[in-house]
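sequence plus the predicted model coming up.
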Amino acid sequence: MWIATNLGTILISLFLVLIVSGIITSLVKDKKKGKSSCGGSCAHCKMCSACKNMTSPCHIKK
């Protein structure tokens, strides 16, 4: 009886868990491949000085 009453909530929760799991898996795979979530526009990035990319515009001396 409880399952029948809460079936909608259970299905939506399972769907959301699957989506979040897929996102996390994708992020972990990208991290292992060396991909970054950086957009590549270092000149406009507030964290530019903390970037490990030493060829970014904020690391190049003018």
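Cool, got the structure.

and the helix ranked longest in the chain, what's buried?
The helix that spans the most residues within the chain, counting by DSSP state H, is helix 7-33. Buried residues in helix 7-33, counted by 16 or more other C-beta atoms under 10 Å: none are found. C-beta here means a position set from N, CA and C on the backbone, and glycine is covered the same way.

quick one: secondary structure of residue 35?
coil (DSSP: H, G, I helix; E, B strand; the rest coil).

next, count neighbours for it.
11 (other C-beta atoms under 10 Å).

and the gap between it and residue 26?
Plainly put, residue 35 is 10 Å away from residue 26 if you go by C-beta to C-beta, to the nearest Å.

over to residue 3?
For residue 3, the distance to residue 26 - C-beta to C-beta - is 31 Å.

same question, residue 1
Taking C-beta to C-beta, one finds residue 1 at 38 Å from residue 26.

for residue 18, same thing?
13 Å.

go on, residue 5?
34 Å.
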